[in-house]
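In: Here is the input, now give the coordinates:
(2 chains)
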Amino acid sequence: AQSVSQHNHHVILSEAASLELGCNYSYGGTVNLFWYVQYPGQHLQLLLKYFSGDPLVKGIKGFEAEFIKSKFSFNLRKPSVQWSDTAEYFCAVNPWGGATNKLIFGTGTLLAVQP
Amino acid sequence: EAQVTQNPRYLITVTGKKLTVTCSQNMNHEYMSWYRQDPGLGLRQIYYSMNVEVTDKGDVPEGYKVSRKEKRNFPLILESPSPNQTSLYFCASSLNTYQPQHFGDGTRLSIL
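Out: Below is the predicted model:
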């Protein structure tokens, strides 16, 4: 079955530290990839997305992600985190190259940034 | 303002009492979905719809029904709710599968 794995369930960082959150998926065909963020008490918002082209994508608030097809990975990075980045982060995969709006989410990574 | 509106936001009810959570979007989006969010499990897709009268099962459809009679509305129906359906539910819509999904503010259901 298709699945999305986020290896880090909880991450605690100090401000200005660098961040990398792992995401691996199990589907072998064409995929569309997303990272969403959920701030406390809020709904999900899109951070960035990858459909094709340059495997390094830049999103909002200084986040970026790299698609490595051979590793089935789409890791999220940020060079220097801020306290306001405290949130839960979800990787999501749309299999079948967007033929439907089926979306499979990872279990999420809770990031706490200490001032 | 572009938005996805869910009602109710909170509901406490009892086992077996049918309930409907409404979802409406004002962006003329083709695609709509329902998710449930549970601690440690992330978001799991319940049902999705690609157009009026076109719906399909997601990963956890058991115990739920949906309908898509109009483009803007996508209600989630629990015919006979059970305690294992206690969860936070999100409705989402998108213009197409290449655009990000816009999420509603969530509906917290507690089934006793």
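In: what lines up beside the strand or helix carrying residue A:36 in the sheet?
Out: Secondary structure from DSSP states H and E places residue A:36 in strand A:32-38. Strand pairing for strand A:32-38, determined by DSSP bridges: strand A:45-50 (antiparallel), strand A:87-94 (antiparallel).
In: Low-confidence bits of chain B, can you list those?
Out: Scanning chain B for pLDDT under 70 picks out nothing.
In: Which parts of it are strands?
Out: Applying DSSP state E to chain B gives strands spanning B:4-7, B:10-13, B:19-25, B:31-38, B:42-51, B:54-57, B:65-66, B:76-78, B:87-94, B:102-103, B:107-111.
In: what about the lowest-mean-pLDDT helix or strand in chain A and chain B, touching?
Out: Least confident helix or strand, chain A: strand A:104-105 with a mean of 90, by mean pLDDT, DSSP states H and E. Yes. Remark: strand A:104-105 sits within contact range of chain B at A:104, A:105, by Cβ under 8 Å from any Cβ of the partner chain. All C-beta spots, glycine's among them, are computed from the backbone N, C-alpha and C.
In: Name the surrounding residues that touch the next helix or strand after that strand.
Out: Going down the chain from strand A:104-105, the next helix or strand is strand A:109-114, by DSSP H and E. With Cβ atoms under 8 Å, 6 or more residues apart in numbering or on different chains as the test, strand A:109-114 has contacts from A:6, A:8-15, A:17, A:19, A:21, A:81-90.
In: Could you rerun that using 10 Å?
Out: A:6-17, A:19, A:21-23, A:37-38, A:76, A:78, A:81-91, B:39, B:42 (Cβ atoms under 10 Å, 6 or more residues apart in numbering or on different chains).
In: Count the neighbours of residue B:83 for me.
Out: 10 (other Cβ atoms under 10 Å in any protein chain shown).
In: same deal with residue B:86?
Out: 16.
In: Name the nearest residue to the residue nearest to the spatial centre of chain B, ignoring sequence neighbours.
Out: Centroid-nearest residue in chain B: residue B:34, 3.1 Å away (criterion: Cα atoms, centre = their mean). Computed as Cβ to Cβ, 6 or more residues apart in numbering or on different chains, the closest residue to residue B:34 that is not its neighbour in sequence is residue B:46, at 4.3 Å.
In: Next one: that neighbour from chain A, what distance?
Out: 11 Å (Cβ to the nearest Cβ, to the nearest Å).
In: Quick check: that residue touching residue B:92?
Out: No. Judged on Cβ atoms under 10 Å, residue B:46 makes no contact with residue B:92 at a distance of 11.0 Å.
In: Find the residues that touch each one of the two.
Out: B:33, B:34, B:35.
In: Name the nearest residue to residue 67, sequence neighbours excluded.
Out: Here I'm looking at chain A. Nearest non-adjacent residue to residue A:67, counting by Cβ to Cβ, 6+ apart: residue A:55, 4.2 Å away.
In: Let me rephrase: I mean chain B.
Out: Using Cβ to Cβ, 6+ apart, the closest residue to residue B:67 is residue B:75 (6.1 Å).
In: If you tally nearby residues, what's the number for the one you found?
Out: Counted with other Cβ under 10 Å, residue B:75 comes out at 18.
In: OK, contacts around it?
Out: With Cβ under 10 Å, 6+ apart, residue B:75 has these contacts: B:6-7, B:20-24, B:34, B:65-69, B:91.
In: Go ahead and confirm residue A:36 touches residue B:100.
Out: Yes. Using Cβ under 10 Å, residue A:36 is in contact with residue B:100, at 8.0 Å.
In: more crowded one of those two?
Out: residue A:36 (25 against 17).
In: Nice, that's everything, thank you.
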